[in-house]
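Trainee: Sequence and predicted structure are below.
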Amino acid sequence: MTEQTPSVPLGAWLAELDDDQLIRLLELRPDLTQPPPGTIAALAARAAARQSVKAATDALDFLRLAVLDALLVLHADTAAVPVTKLMELIGEKATPDAVAAALDDLRERALVWGGDAVRVVAEAASGLPWYPGQAVVEDVDAENIADRLEALDDAQLELLNKLLEGSPMGRTRDAAPGTPPDRPVQRLLAAGLLRQVDDETVILPRLVGQVLRGEEPGPISLTPPDPVVSTTTAADVDAAAAGAVLDLLREVELVLETLGATPVPELRSGGLGVRDVKRLAKSTGIEDFRLGLILEVAAAAGLIAAGMPDPEPVDGDGPYWAPTVAADRFVESPTAVRWHLLASTWLDLPGRPGLIGSRGPDGKPYAALSDSLYSTAAPLDRRLLLSMLADLPPGAGVDAAEASKAMIWRRPRWAVRLQPEPVGGLLAEAHAMGLVGRGAISTPGRGLLAGDSADDVMATMNKALPAPIDHFLLQADLTVIVPGPLQRELAEQLAAVATVESAGAAMVYRITEASIRRALDTGRTASELHALFAKHSKTPVPQGLTYLIDDVARRHGQLRVGMAASFVRCEDAVLLAQAVSAPAAEALEMRVLAPTVAVSQAPINEVLAALRSAGFAPAAEDSSGAIVDIRARGARVPAPPRRRTFRPTVAPTTQTLAAIVAVLRKVAAGPFSGMRLDPAVLISQLQQAVHRDTPVVIGYVDAAGVATQRVVAPISVRGGQLTAFDPASGRVREFAIHRVTSVVSADGD
């Protein structure tokens, strides 16, 4: 930045910056562009305002905040301070090069200005998450603070809590020399839990206050901490992430299938009840934490929603949570496509799934899929975690405690929500989503964070995923071991005839009489099942499996159930008579029409269920006599309703920022900048902009008399109105021409 005499005000210093430096300032502090400032003086005033300063310091790390802290200690908010004094105060806590780089960054943000002697904005103290002086002048021993606090009596704790609730600075006569050492203040000073400022003033150290609030103390060092706790190869990280992706997708499909079979009613207050979530966790076998994450991500991705499903459940009046029509397309999509949808949705998910089941400040539990989980800060925390990991060498892993320290150092103002427990939850979520493996960011995760194209990110994930296999291993105990992800068609065939017994990188299925009958119910034949196992098993097909398939197939379908309301037919008259007289079939009120045919007024699915419960193996058939699969396909809701979403602030384009700076230059340079344009000239300029289809920056005074600068794209000029597209609002607007005070090309011409 340009060096200036330190006594000049901020506005004069800004006026001496070149266009690139002003554009850089507006890029770093986009709030200064809404609305665009009319003059350099207005820009300076806004840059020094409390709210803008707090927004600017939100993105600063501990070193930069400590430099601001040191400048406030040196009273640089009231007079210029030589940089050499700043260096002396910081001393060996940071290298001169690091401090110089931090100063340059603060100058770019207009929080500090000047050259060899610098000033700091007066509101800088409002941007510190501690009382000024507590970063560079802190002299409390950070070791064993919690142990020392536990040894305090009620009077000492009461005094500390008063300082914690209000200002950390307190005035007391007990700080003066000669005060009896048994007084609470003197005992706290001796224990290092208070720091003396002068004979009448004490201050609660920042680190002590953090421990009292239940936070981990820190940061302490002006150099960033090293969070690495493990090291492995990038390939190992990607392999672990790919395994997590396969587990995630399997569980998502299981949740969709379960909700499709049994939609869950929505609470009146929104979301799912605790009992319903527990019931869903038990039926799916998914642990609570992962289930909450899957539900939130699936809802945000539009895979499940609340509504009236088709078919409607027989009990209750809804609405219900069920899969949407988009779920079917999702299930049929390639693995990398499904992962990308879920991962990108999680990254910008405006909620905290980790809170599900815990209780809020009001004592009420956080419900899954409810608005109580909404948080605009959650996406920022996720990106901070992944950014911290992306800055580490490939394969470098972290744990929750070290990641928390590194993240708090980067964003001290976010320390309350970056404690080890919530960071551990974020890290677990990132592992589950395949963005992190073994504590390190995966290659696909790095690409997603960097904003690479979806095709490139999915290609990276495809490379990490193991290639689908076309075989499995049959065991003598009728289990099937699958040593990797199966080809989708083969996986569907195996799932039809076997039941998952153990999920993981190597899945285990079990073949039973019921699972074989289920496959036969879908129209598969015994010969097809024999061929399936013979073709795809790398181990010999057990003789017991061959006998079991033949035995079930021999009994299967002897009874045929069709629609009368429904009918039952059987070539074996004795078997039919047994079925009709079975106790379980009494409620069906079956009536024998012929030795091989009986009818019932009960629906076909009830007849099938009753006969199966009686130990028979009936099969459903159509009008031609062919076996048909009449299993329920699952309920679906038409479309997801609008949910609260995270909308990141859209940064102004470089073209817009250049136009704003151009206006500032022309206003500052023009001798008649305060005069309004002649209406004829103004209309002519607007018409030329319409003809050339070029954006302009207009000065505009609204009905409340507020003057602003707006970048617009003129569409037409007629009837005293300018019709133009306003990028700030994202829509076409009309401006009264008599309220337009200036017109400048947005290209700076």
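Mentor: In hand now; what should we look at?

Trainee: Poorly predicted segments of the stretch 601-749 of the chain, please.
Mentor: For the stretch 601-749 of the chain, applying pLDDT under 70 flags the ranges 623-624, 628-633, 639-649, 668-680, 705, 747-749.

Trainee: if you skip the residues just before and after it, what's nearest to residue 293?
Mentor: Leaving out its chain neighbours, the residue that sits closest to residue 293 by Cβ to Cβ, 6 or more residues apart in numbering is residue 353, at 4.5 Å. The way it works is simple: take the backbone N, C-alpha and C, and place the C-beta from them, glycine included.

Trainee: Number of residues surrounding the one you found?
Mentor: 25 (other Cβ atoms under 10 Å).

Trainee: what do you get for the one 10 residues further on?
Mentor: Using other Cβ under 10 Å, residue 363 is surrounded by 6 other residues.

Trainee: how far away is it from residue 213?
Mentor: Distance of residue 363 to residue 213, computed by Cβ to Cβ, to the nearest Å: 20 Å.

Trainee: about what we covered before: would you confirm that the residue nearest to residue 293 contacts residue 372?
Mentor: No - checked against Cβ atoms under 8 Å, the pair residue 353 and residue 372 is beyond contact range at 11.8 Å.

Trainee: tell me which element the residue lying closest to residue 510 once chain neighbours are set aside falls in.
Mentor: Nearest residue to residue 510, sequence neighbours excluded (Cβ to Cβ, 6+ apart): residue 501, at 4.5 Å. Counting by DSSP states H and E, the element that carries residue 501 is strand 499-502.

Trainee: Give me the average confidence score over the helix or strand just after that strand.
Mentor: Per DSSP H and E, the first helix or strand lying C-terminal to strand 499-502 is strand 507-510. Mean pLDDT, strand 507-510: 89.

Trainee: Run the chain-centre distance for strand 507-510.
Mentor: The chain centre lies 33 Å from the centre of strand 507-510; the measure is Cα atoms, centre = their mean, to the nearest Å.

Trainee: The lowest-mean-pLDDT helix or strand in the chain: what's the following helix or strand?
Mentor: Across the helices and strands of the chain, mean confidence by mean pLDDT, DSSP states H and E is lowest for strand 559-562: a mean of 68. Downstream of strand 559-562, the first helix or strand assigned by DSSP H and E is strand 566-570.

Trainee: partners of that following strand, with directions?
Mentor: Sheet pairing for strand 566-570, assigned by DSSP bridges, gives strand 559-562 (antiparallel), strand 597-600 (antiparallel).

Trainee: can I get the CA coordinates of stretch 540-549 in CSV?
Mentor: Extracted in CSV, the C-alpha atoms of stretch 540-549 (Å, rounded to 0.1, in the frame of the first residue of the first chain):
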residue,chain,number,x,y,z
PRO,A,540,-17.9,-74.0,-5.3
VAL,A,541,-21.7,-73.8,-4.8
PRO,A,542,-22.5,-75.7,-1.6
GLN,A,543,-24.7,-78.8,-2.2
GLY,A,544,-26.9,-77.6,0.6
LEU,A,545,-27.8,-74.5,-1.3
THR,A,546,-28.7,-76.4,-4.4
TYR,A,547,-31.0,-78.7,-2.4
LEU,A,548,-32.6,-75.7,-0.6
ILE,A,549,-33.3,-73.9,-3.8
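
Trainee: Now it: buried residues?
Mentor: Under the neighbour-count criterion of 16 or more other Cβ atoms under 10 Å, stretch 540-549 has 542, 545, 548-549 buried.

Trainee: Contacts for that stretch, please.
Mentor: 474-476, 478, 511, 513, 516, 526, 529-530, 533-534 (Cβ atoms under 8 Å, 6 or more residues apart in numbering).

Trainee: mind listing which of the buried residues of stretch 540-549 are in helices?
Mentor: Those of these mapping onto helices are 545, 548-549, per DSSP state H.

Trainee: Return the closest of those residues with respect to residue 323.
Mentor: For those, the minimum distance to residue 323 (Cβ to Cβ) is 32.7 Å, reached by residue 549.

Trainee: Could you report the distance from that closest one to residue 474?
Mentor: Counting by Cβ to Cβ - residue 549 and residue 474 are separated by 12 Å.

Trainee: Just put the contacts of stretch 540-549 in a markdown table and tack on distance to residue 43, neighbour count and secondary structure.
Mentor: Formatted as a markdown table, those follow (distance: Cβ to Cβ, whole Å; neighbours: other Cβ atoms under 10 Å; DSSP: H, G, I helix; E, B strand; the rest coil):
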| residue | distance to residue 43 | neighbour count | secondary structure |
| --- | --- | --- | --- |
| 474 | 75 | 21 | strand |
| 475 | 75 | 16 | coil |
| 476 | 80 | 11 | coil |
| 478 | 77 | 18 | coil |
| 511 | 74 | 26 | coil |
| 513 | 79 | 14 | helix |
| 516 | 77 | 26 | helix |
| 526 | 82 | 18 | helix |
| 529 | 77 | 24 | helix |
| 530 | 80 | 16 | helix |
| 533 | 76 | 22 | helix |
| 534 | 78 | 12 | helix |
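
Trainee: And the residues you listed, which is closest to residue 71?
Mentor: Among those, residue 475 lies closest to residue 71 (Cβ to Cβ), at 72.0 Å.

Trainee: Show me the longest helix that occurs in the chain.
Mentor: From DSSP H, the single longest helix across the chain is helix 234-261.

Trainee: Show the average pLDDT along it.
Mentor: Confidence over helix 234-261, taken as the mean pLDDT, stands at 94.

Trainee: Could you list the buried residues of that helix?
Mentor: Of the residues in helix 234-261, 234, 237-252, 254-256, 258-260 count as buried by neighbour count, 16+ other Cβ under 10 Å.

Trainee: chain center to whichever strand or helix holds residue 292: distance?
Mentor: Using DSSP H and E, the element containing residue 292 is helix 288-300. Relative to its parent chain, helix 288-300 has a centroid offset of 11 Å by Cα atoms, centre = their mean.
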